[in-house]
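[1] Output the structure for:
(one chain, ligands or ions: 1)
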Amino acid sequence: MDMPFIDLAAQQSRIYDRIEENIKKVLSHGQYIMGPEVGELEERLAGFVDVKFAIGCSSGTDALLMALMAHDVGPGDAVFTTPFTFVATAETISLTGATPVFVDIEPDTFNIDPGLLAQAFDALEKMDPDIYPLPAGFEGLKPRGIVAVDLFGQCADYDRIISFARDRGLFVIEDAAQSLGAEYHGRKAGSLADCAATSFFPAKPLGAYGDGGMVFTADAYLAEKLYSIRVHGKGSHKYENLRLGLNGRLDTIQAAILIAKFEIFPEEIELRQEVAARYTELLGQSGVVSCPKVKPGLKSAWAQYSLVSEHRDTILGKLKASGIPTAIYYPIPLHFQGAYRHLGYKKGDFPMAEKISRTIFSIPMHPYMKPEDQRLIAEIILDSV
Ligand SMILES: *Cc1c(COP(=O)(O)O)cnc(C)c1O
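    Residues are numbered from 1 along each chain as shown. This next block holds a predicted model:
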């Protein structure tokens, strides 16, 4: 059997002509850098997410970095985030010179736990790691902000996160790399914090045919800085440099491809709801695995459909033997990574992230899943223990 984990070919076959036409337009106008398609995509996505400003950029990682730079994050700053995410979330904090302060996750959504966020903040303010685990060098850190992640496509608890942050003068950045198309009490992912960063990596809900990303904000002051940071901190022209920045632009060809893909994106988000609901129907009552839980009032973008089971290795073995692709997001929480050894965190510091990393796995998820393939996957899972 040859079942894809994410079926990009099925999507391409629907819109091949439109993609080709859009690429050809770029080849004929020749504006490969910051061509008109970049602005057009920015305008469409700003409208979709419902924020004033959308700044296309070279990747989700650069989108996060630009958002942090726009907040002038640097050495001595503490930025609270989750240890259960793709490394880029914390890596970009570290690249600014700031220090990530990890906060454990909720057991049901795997997103940062606002109650524990309060504990971590308190621990840092009182310089007391007995209140909550803190990174090495915490004595010199000033709390500046929070990077919350919308893991697997479900938005974090922004009502609590934002109100906590407002009371304490912290900024909030939404890592929406996995959640474009998701909703939070009627608002769209990407509009829920001071800035949001999304990714157009091919496997994300809205994927390009290469790297790309976008920063969203409603704040004109931040937007102005983001446009500048995207192009080496430019001022009124390219050779006036007001601040340090990046070569962080989105390629015109990727924007042209994304414009074609965006036409069917809202429909694909709806198809993902159906696929997810079918999995939950097939697997939800089994007791063998626990299915993802979406909180009331929220709609996930279903970047991944992730199950939790104590029998993970057995189940993965059975799926593999039947040719079903699977993935583990994420097998190693960030505080156990070599890159973060210097923070001095210990085993047991973030017990939920540690437990979930041992028991979670993801099964094929995309808008074009065939119901019979989903039934087959469910059967294999239910028969494996
Ligand atoms: C994919 C991802 C990123 C990084 O996006 P790239 O476009 O690959 O740089 C950041 N955060 C999360 C949560 C992601 O899933």
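[2] which other helices and strands contact the top strand by length along the chain?
    Identified as the longest strand of the chain according to DSSP state E is strand 142-149. Of the remaining helices and strands, those touching strand 142-149 by 3 or more Cβ pairs under 8 Å, 6 or more residues apart in numbering; DSSP states H and E are helix 60-70, strand 77-81, helix 88-95, helix 114-125, helix 158-168, strand 171-175. Every C-beta, even on glycine, is put in place using the N, C-alpha and C of the backbone.
[3] got the contact list for whatever residue of the chain ends up closest to the ligand?
    At 2.4 Å from the ligand, G60 is the closest residue in the chain, using Cβ to the nearest ligand atom. Taking Cβ atoms under 8 Å, 6 or more residues apart in numbering as the criterion, G60 is in contact with A88, D175, A177, A197, T198, S199, F200, F201, K204, G213.
[4] Pick the most deeply packed of the helices and strands packed on strand 142-149.
    Greatest average neighbour count among the helices and strands packed on strand 142-149 goes to helix 60-70 (a mean of 28), per mean count of other Cβ atoms under 10 Å.
[5] Out of the helices and strands packed on strand 142-149, which is closest to Y305?
    The minimum distance between Y305 and the helices and strands packed on strand 142-149 falls on strand 171-175, with 19.4 Å, by Cβ to Cβ.
[6] from the chain's centre, how far out does the closest one sit?
    11 Å (Cα atoms, centre = their mean, to the nearest Å).
[7] partners of that strand in the sheet?
    strand 142-149 (parallel), strand 195-199 (parallel) (DSSP bridges).
[8] which of those strands sits most buried?
    Most buried among the strands paired with strand 171-175, counting by mean count of other Cβ under 10 Å: strand 195-199, with a mean of 31.
[9] and that strand with helix 60-70, angle?
    Interaxial angle, strand 195-199 versus helix 60-70 (axes from the mean of the first three to the mean of the last three Cα atoms, to 10 degrees): 160 degrees.
[10] I'd like the next helix or strand past strand 195-199.
    Next along the chain after strand 195-199, taking DSSP states H and E as the criterion, comes strand 213-217.
[11] Return the alpha-carbon coordinates of that next one using PDB.
    Extracted C-alpha coordinates of strand 213-217, given in PDB (Å, rounded to 0.1, in the frame of the first residue of the first chain):
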ATOM      1  CA  GLY A 213       5.800  32.500   6.200                       C
ATOM      2  CA  MET A 214       3.800  35.500   7.300                       C
ATOM      3  CA  VAL A 215       3.500  37.800  10.300                       C
ATOM      4  CA  PHE A 216       0.100  39.200  11.100                       C
ATOM      5  CA  THR A 217      -0.600  42.200  13.300                       C
END
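[12] Give me the angle between the helix or strand following it and strand 171-175.
    With elements assigned by DSSP H and E, the helix or strand that comes after strand 213-217 is helix 220-230. Interaxial angle of helix 220-230 relative to strand 171-175 (the same axes, to 10 degrees): 60 degrees.
[13] mean confidence for helix 220-230?
    Averaged over helix 220-230, pLDDT sits at 98.
[14] For it, name the packing helices and strands.
    strand 53-57, helix 60-70, strand 213-217.
[15] pLDDT score for M1?
    For M1, pLDDT reads 56.
[16] can you check Q273 too?
    98.
[17] Just give me how far the helix or strand hosting it sits from the chain centre.
    Using DSSP H and E, Q273 maps to helix 265-283. Chain-centre distance of helix 265-283: 19 Å, with Cα atoms, centre = their mean.
[18] Give me the next element, helix or strand, following that helix.
    Next along from helix 265-283, by DSSP H and E: strand 298-299.
[19] Give me the sheet partners of that following strand and which way each runs.
    By DSSP bridges, strand 298-299 pairs with strand 183-184 (antiparallel).
[20] so what strands line up beside whichever helix or strand comes after the partner strand?
    Sequence-wise, the next helix or strand downstream of strand 183-184 (DSSP H and E) is strand 187-188. Paired neighbours of strand 187-188 in the sheet (DSSP bridges): strand 183-184 (antiparallel).
[21] what's in contact with the strand it pairs with?
    C155, Y158, A189, L192, G297, L298, K299.
[22] what residues does the stretch 101-250 of the chain put near the ligand?
    V149, D175, A177, Q178, S199, F201, D211, G213 (Cβ under 6 Å from any ligand atom).
[23] Rebuild the residues you listed as TSV, extending it with pLDDT.
    Formatted as TSV, these follow (pLDDT from 0 to 100):
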residue	pLDDT
V149	98
D175	99
A177	98
Q178	98
S199	98
F201	98
D211	98
G213	98
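[24] Please convert the residues you listed to TSV, extending it with distance to T252.
    As requested, these are exported to TSV (distance: Cβ to Cβ, whole Å):
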residue	distance to T252
V149	29
D175	26
A177	22
Q178	25
S199	18
F201	18
D211	14
G213	15
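[25] How about residues contacting the longest strand of the chain?
    For strand 142-149, using Cβ under 8 Å, 6+ apart, the contacting residues are 64, 68, 71, 73, 76-82, 85, 89-90, 93, 98, 101, 111-112, 117, 121, 124-125, 156, 158, 161, 165, 168, 170-175, 177-178, 193.
[26] quick revisit: nearest to P107, of the helices and strands packed on strand 142-149?
    That would be, of the helices and strands packed on strand 142-149 and by Cβ to Cβ, helix 114-125, which comes in at 11.5 Å.
[27] re earlier: show the buried residues in the contacts of strand 183-184.
    Buried by 16 or more other Cβ atoms under 10 Å: C155, Y158, A189, L192, L298, K299, out of those.
[28] Would you confirm that M127 contacts F138?
    Yes - counting by Cβ atoms under 8 Å, M127 does reach F138; the two are 6.7 Å apart.
[29] Compare these two (neighbour count), which wins?
    F138 (18 against 12; other Cβ atoms under 10 Å).
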